[in-house]
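>>> Following is a predicted model, sequence given first.
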There are 2 protein chains.
Amino acid sequence: MLNNSQYTEKLRSIGLRPTKQRIKICEVLFNSNKTFHFTINELAKRITKSTNENISLATVYNTVHAFKKKGYLKEIPINSDQSYFDTNTSHHHHFYDETQKDLIDIDDADVEPVKINTRIPGKKIKSVEVLVKVEDEKP
Amino acid sequence: MLNNSQYTEKLRSIGLRPTKQRIKICEVLFNSNKTFHFTINELAKRITKSTNENISLATVYNTVHAFKKKGYLKEIPINSDQSYFDTNTSHHHHFYDETQKDLIDIDDADVEPVKINTRIPGKKIKSVEVLVKVEDEKP
DNA sequence: TTCTACATTATAATAGTTCTAAACTGTTGA
DNA sequence: TCAACAGTTTAGAACTATTATAATGTAGAA
């Protein structure tokens, strides 16, 4: 839980002017103990709902991408017609329930470290992401 | 390496009529010892190039999706503005070179089996996919 | 050969995302 | 305090990947 002046600092720290739109987006994204997954559209809807005023879609896109770039959000690699983001930026993996079309965090303690015994010369590993697709046991 | 009549059988075996378009797509996809990655657009271009005639994009989409459904192609979960497919349907994972925007197979022998010590009740695991993002060592 | 169900095709429609350019605003420094 | 400017927001257009449509074509069975 952060108050507005803390969001102001947060934004300043990554070189973004603390505009009222950005602070509102911060509130929706970070003003909770729980992390969550979202698409841009879902986020835009939440914002409209919690403020009764619209923020331009373009601004939502811009801000989400800026946060992602700065490491305040993660994008989840999943084949979908839209991008999924995660407010949980700690290292962890995901279940994707193909029946329910639902993303679920896997606690990092529940995954043995993934060992890759090969490298590409001149390249360094940036991230290792595991996606576990699941479906109903008896369809 | 398969000849056309083998593609005919392959198509019949999955309940698809062996049309000349589908056989052509088979040739481009499977007539090589090497597996490869592609996007729909790249595939359409290859087809045009190797036949000097166009196959409608809609047909390419339909056929690729039919093959995917039948397990003759795999879709690679990666965040991108377009879908990537893989003619290598054996179990394996990928590097994604973010600098080069290039997908590279990881030999399955080079990855320790991924152990997930948690389950979702009522759901069974369909696949476990590892995506290792890499970038240039000194950017 | 003829019939029918399945396929192909060009094109329109859709949807997510990015671009644009004009209006607006936070910040700086006089 | 306030002017100036660079960064920001905005609505809507543009763009792109993908899917839908509906008319035409074709493989395969009888």
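Nice, I can see it. Residues are numbered from 1 along each chain as shown, chains lettered A, B, ... in the order given.
>>> need the longest strand for chain A.
strand A:123-136 (DSSP state E).
>>> tell me the angle of it relative to strand B:123-136?
Angle between the axes of strand A:123-136 and strand B:123-136 is 160 degrees (criterion: axes from the mean of the first three to the mean of the last three C-alpha atoms, to 10 degrees).
>>> Can you give me the buried ones in strand A:123-136?
By 16 or more other C-beta atoms under 10 Å in any protein chain shown, the buried positions in strand A:123-136 come out as A:K123, A:V128, A:E129, A:V130, A:L131, A:V132, A:K133, A:V134, A:E135. Yep, even glycine has a C-beta here, placed from its N, CA and C like the rest.
>>> Any idea what the residue lying closest to the first one once chain neighbours are set aside is bridged to?
If the residues on either side of it in the chain are set aside, A:K123 comes closest to B:V134, at 4.0 Å by C-beta to C-beta, 6 or more residues apart in numbering or on different chains. As for beta bridges, B:V134 partners with A:I125, B:D97 under DSSP bridges.
>>> residue farthest from the centroid of chain A?
The centre of chain A is farthest from one residue, A:K138, which by C-alpha atoms, centre = their mean lies 31.2 Å away.
>>> Which residues lie in contact with it in this structure?
Under the criterion of C-beta atoms under 8 Å, 6 or more residues apart in numbering or on different chains, A:K138 has no contact partners.
>>> same deal with A:F95?
Going by C-beta under 8 Å, 6+ apart, A:F95 touches A:L103, A:I104, A:D105, A:I106, A:V132, A:K133, A:V134, B:I120, B:K123.
>>> what's near enough to touch the fifth one?
Neighbouring residues of A:V132 by C-beta under 8 Å, 6+ apart: A:H93, A:H94, A:F95, A:Y96, A:I106, B:I116, B:I125, B:S127, B:V128, B:E129.
>>> how about a cut-off of 10 Å?
Residues near A:V132 by C-beta atoms under 10 Å, 6 or more residues apart in numbering or on different chains: A:93-97, A:104, A:106, A:111, B:114, B:116, B:118-120, B:123, B:125-129.
>>> Leaving out chain neighbours, which residue sits closest to the residue nearest to the spatial centre of chain A?
Closest residue to the average C-alpha location of chain A: A:D86 at 2.1 Å, with C-alpha atoms, centre = their mean. In space, and not counting its chain neighbours, A:D86 is closest to A:K74: 4.6 Å by C-beta to C-beta, 6+ apart.
>>> burial measure for that neighbour, as a count.
By other C-beta atoms under 10 Å in any protein chain shown, 21 other residues sit near A:K74.
>>> That one and chain B, how far apart?
10 Å (C-beta to the nearest C-beta, to the nearest Å).
>>> In this structure that residue contacts A:H93, no?
No: assessed by C-beta atoms under 10 Å, A:K74 is found out of contact with A:H93, at 11.3 Å.
>>> joint contacts of these two?
Counting by C-beta under 10 Å, 6+ apart, the residues touching both A:K74 and A:H93 are A:E129.
>>> Quick check: pLDDT value at the residue nearest to A:K123.
Per-residue confidence (pLDDT) for B:V134: 92.
>>> tell me the contacts of it?
A:119-120, A:122-128, B:95-100, B:102, B:104.
>>> now stretch A:27-36: how far from the chain's centre is it?
In terms of C-alpha atoms, centre = their mean, to the nearest Å, the centre of stretch A:27-36 is found 11 Å from the chain centre.
>>> and chain A, which residues reach DNA strand C?
A:12, A:17-20, A:39-41, A:57-58, A:61, A:65, A:81-83 (C-beta under 7 Å from any atom of the strand).
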